[in-house]
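1. Show me how the following folds:
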Amino acid sequence: MAQERSRRTREKVLEAARDLIVEHGHEQVSLKEICERSGVSNGSIFHHFGSKEGIVRELFAAERAAYLGVIRNAIMQYDGDPCDAFAAGTRAALHYQAKNPGSFGRLIAEFSDSEWLRRNVDLWLTVASEEESPVIAWAAEYFRSGALPRLPPAFYQAAMLGPTDLLSRAHRQGRLAGDIEELGDDLAEFVSAGLKSLRDRQREA
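-> Next up is the predicted model:
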């Protein structure tokens with residue numbers, strides 16, 4: 001009974017904080033507002049999370065894991081050329097951003113290259129490692145056979161997520177017109193063609 005009550009309390013706090021952050025941004029949300037929105041006392045919040053920072057860390061980790069999980073599944077479930085699998089991951093990234101503009105913008109994009117992320121780099125590395133490890137294991141046989149160009153895992157992540165984040169930001173700022181999901185299809189083709197070109201060059205070397 002106590003465990004169930006504790007779980008519900010945590011869920012209420014996280015849901016309230018998530019809604020407030022999506023509405024206003026994490027820097028503009030106070031612990032008092034989270035207490036009022038959730039109906040949970042300040043003391044109880046400190047008991048479960050330690051501080052507002054503890055709440056934000058949990059929300060960031062959950063959103064980032066959900067985002068990277070969608071990309072991971074798109075890559076690993078693709079049936080075909082593994083270079084096209086990473087294109088599928090690129091497409092999935094932009095589709096996720098298009099379907100979740102509020103949570104992605106406030107809980108992922110706003111943290112990119114931020115002082116908060118530099119302070120919490122341990123959390124980012126933990127989440128990234130958990131989601132990337134299955135993809136690295138999946139890709140191993142393709143690296144051995146030459147079906148994927150031999151490049152560091154960080155290169156693949158940067159090649160997929162760097163352009164998607166910048167493209168999405170340009171679209172949000174109104175500097176890039178068009179449907180974001182259609183732009184995702186174009187970017188996916190770009191990623192696939194680049195990987196295939198690198199693969200061909202390595203095969204010829």
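2. make it CA atoms for all contacts and neighbour counts henceforth
-> Noted.
3. List the contacts of residue 11.
-> Neighbour list for residue 11: empty [criterion: C-alpha atoms under 8 Å, 6 or more residues apart in numbering].
4. Just the element for it, please.
-> Assigned by DSSP states H and E, residue 11 falls within helix 2-24.
5. Report how many residues lie close to residue 192.
-> Residue 192 has 20 neighbouring residues, counting by other C-alpha atoms under 10 Å.
6. how much space between it and residue 71?
-> 15 Å (C-alpha to C-alpha, to the nearest Å).
7. before we move on, what about residue 15?
-> From residue 15 to residue 71 the distance is 24 Å (C-alpha to C-alpha).
8. These two: which is more packed in?
-> Set residue 15 next to residue 71 and count neighbours by other C-alpha under 10 Å: residue 71 wins out with 28 against 16.
9. Could you pull up the contacting residues of the nearest residue to the more buried one once chain neighbours are set aside?
-> Excluding the flanking residues, the one nearest residue 71 by C-alpha to C-alpha, 6 or more residues apart in numbering is residue 89, at 4.7 Å. Residues near residue 89 by C-alpha under 8 Å, 6+ apart: 70, 71, 72, 73, 74, 75, 160, 188.
10. and with 7 Å instead?
-> 71, 72, 74, 75 (C-alpha atoms under 7 Å, 6 or more residues apart in numbering).
11. Centre of the chain to the helix or strand hosting it, how far?
-> Assigned by DSSP H and E, residue 89 belongs to helix 82-99. Averaging C-alpha positions (C-alpha atoms, centre = their mean, to the nearest Å) puts helix 82-99 12 Å from its chain's average.
12. C-terminal to it, what's the next element?
-> helix 101-107.
13. Next, please give the residue ranges for the helices of this structure.
-> Applying DSSP state H to the chain gives helices spanning 2-24, 31-38, 42-49, 52-76, 82-99, 101-107, 115-119, 121-145, 153-172, 180-204.
14. average model confidence for the helix holding residue 89?
-> Helix 82-99 carries an average pLDDT of 95.
15. go on, stretch 59-76?
-> The average pLDDT within stretch 59-76 is 96.
16. If you count neighbours, what's buried in it?
-> Using 16 or more other C-alpha atoms under 10 Å as the test for burial, stretch 59-76 gives 59-61, 63-65, 67-76.
17. again with stretch 105-121
-> So stretch 105-121, judged by 16+ other C-alpha under 10 Å, has buried residues 105, 106, 107, 108, 109, 111, 117.
18. Go ahead and confirm the third one touches residue 60.
-> When you say that, I think you mean residue 107. Yes: contact criterion C-alpha atoms under 7 Å: residue 107 and residue 60 qualify, at 5.6 Å.
19. circling back to that earlier point, which parts of the helix holding residue 89 are buried?
-> Of the residues in helix 82-99, 82-98 count as buried by neighbour count, 16+ other C-alpha under 10 Å.
20. any idea how far residue 30 is from residue 128?
-> Plainly put, residue 30 is 28 Å away from residue 128 if you go by C-alpha to C-alpha.
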